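A.B. asks: Please find the sequence and the predicted model below.
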Amino acid sequence: MKTVALIVAAGSGLRAGEGLPKQYRSLGARAVLSHSVERLSAHPDVDEVRVVINPAHRDFYDTAIADVEPIGDPVDGADTRQGSVLAGLEAIGEADIVLIHDAARPFIGKDVVDRLIAALAGNGGAVPALPVVDSLRRGNGTISDEVSRVDLHRVQTPQAFRFAPLLAAHRHAAPGATDDAEIARAAGLAVALVAGDEGLFKLTHAQDFERAERLMGNRGFRTGFGYDVHRFAAGESVCLCGINVPHSRSLAGHSDADVGLHALTDALLGAIGAGDIGDHFPPGDPEWKGAASGRFLRHAADLVTASGGSIENVDVTLICEAPRIGPHRQAMRERVAEILRLPVDRVSVKATTTEKLGFTGRREGIAAQAVAAIRR
Ligand SMILES: Nc1ccn([C@@H]2O[C@H](COP(=O)(O)OP(=O)(O)OP(=O)(O)O)[C@@H](O)[C@H]2O)c(=O)n1
Ligand SMILES: C[C@](O)(CO)[C@H](O)COP(=O)(O)O
């Protein structure tokens, strides 16, 4: 099942006022566009992200995504959002599911994407929507008729569709649709409504940037804690924090038994309330036999990003009498920083003995503790 996220970013942002087109303006010291690219790329069910741009904005685009994971080349957009989406769909070629998202909605969270994909099980499309909470009136200077709010929804993006029927619908669509749900519905596809998110508002006017900056600034700190133990077995080296350390024993485990990275993976999962390492990588699953634990850590980091979080710092303590960690500590910090795509100064690796007390003191195994702080 191939899922592609298509981000449309070819607009001019005229209603947002003067300056850079809104998708390239700064939000939390990064370009608006980079937030959606990063969060959708990190979603575990998204296989590919494509962005549709105005080719005249290519320099802005290159600067905007310079610090995020590389994605495919941008697609040239058109004069209307509808035309830009069609250009993007044509460029994708093949996919099973497409998530079409406005670059101007940077606060995309994992939960909405999960709900959309789940809703596709019985529908050709699904859109996030919120109820209308204010009274609705027609009027021009003074009010006239009330408009009933019953069954009215504010529809957001991303909008999720089965790819082939949506592409066919777009190819035959009349101009003037405000979103892709309208095009899908006109072609006879059933489009489900799923719960949207107030945070998914669209940056439309200049004052929306103030609200967005407030949201960025108001993100709270969360912490997560992880603990793991692996017993020693026959062997000649142990893998700790991604580094192979020569030793008279190995650590026993289903994967590479990297006790440090396992504790850290649990700390990240704990910080976002996403269960523990065993939920994501069951120990009985042959897929993870001998697996490099960097994969587990990267997965947890992606879940943090996809949920709208960013890692502030992590701290791992390895507990053992031997091997000596000191000579490998810097390499471990660098490897963890590489996996987490963090500066090294935000990664700490420490070690302690237990004064020959307990199972670590008796050299029966190695324990590790980790904490992670994230902003979300
Ligand atoms: N020709 C267009 C027009 C819009 N969009 C994208 O569609 C999304 C939603 O559109 P909107 O908020 O209307 O953006 P703009 O068209 O840029 O804004 P404005 O109407 O104020 O100029 C934005 O991410 C925008 O970049 C696009 O890809 N191609
Ligand atoms: C696609 C959209 O964001 C869904 O709410 C909306 O229709 C875009 O409308 P706009 O008129 O281009 O702002």
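C.D. replies: Ah, there it is. Numbers count the residues shown, from 1 in each chain. Ligands and ions are numbered 1, 2, ... in the order given.
A.B. asks: near ligand 1, which residues of the stretch 101-250 of the chain?
C.D. replies: Asp102, Ala103, Ala104, Lys202, Thr204 (C-beta under 6 Å from any ligand atom). Quick note: C-beta positions are derived from backbone N, CA and C, even for glycine.
A.B. asks: Now the two most distant members of those residues.
C.D. replies: The distance between the two most remote of those (C-beta to C-beta) is 12.4 Å, for Ala103 and Thr204.
A.B. asks: Taking the residues of the stretch 101-250 of the chain next to ligand 1, please make a PyMOL selection of just the buried ones.
C.D. replies: In PyMOL, a selection of the buried entries from these looks like this (16 or more other C-beta atoms under 10 Å):
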select buried, resi 102+103+104
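A.B. asks: Please narrow the residues of the stretch 101-250 of the chain next to ligand 1 to those residing in strands.
C.D. replies: Among these, the members falling in strands (DSSP state E) are Asp102.
A.B. asks: For ligand 1, what's the nearest residue on the chain?
C.D. replies: Nearest residue of the chain to ligand 1 (C-beta to the nearest ligand atom) works out as Gly11 at 2.1 Å.
A.B. asks: Would you mind giving the secondary structure of that residue?
C.D. replies: Three-state assignment for Gly11 (DSSP: H, G, I helix; E, B strand; the rest coil): coil.
A.B. asks: So it sits against Val32, correct?
C.D. replies: No: under the criterion of C-beta atoms under 8 Å, Gly11 lies out of contact with Val32, with a separation of 11.5 Å.
A.B. asks: okay, these two: which has more neighbours?
C.D. replies: Each of Gly11 and Val32 has its neighbours counted (other C-beta atoms under 10 Å); Val32 has more, 26 against 23.
A.B. asks: Contacts for the helix or strand Ala212 falls within, please.
C.D. replies: Taking DSSP states H and E as the criterion, Ala212 maps to helix 206-217. If you take C-beta atoms under 8 Å, 6 or more residues apart in numbering as the criterion, helix 206-217 is touched by 16-17, 22, 25, 27-28, 32, 106-107, 199, 201-203.
A.B. asks: Name the residues of it that are buried.
C.D. replies: Neighbour-count burial for helix 206-217 flags Asp208, Phe209, Ala212, Leu215, Met216 (criterion: 16+ other C-beta under 10 Å).
A.B. asks: Roughly how far does the third one sit from Val133?
C.D. replies: Spatial separation of Ala212 from Val133 under the definition C-beta to C-beta, to the nearest Å is 20 Å.
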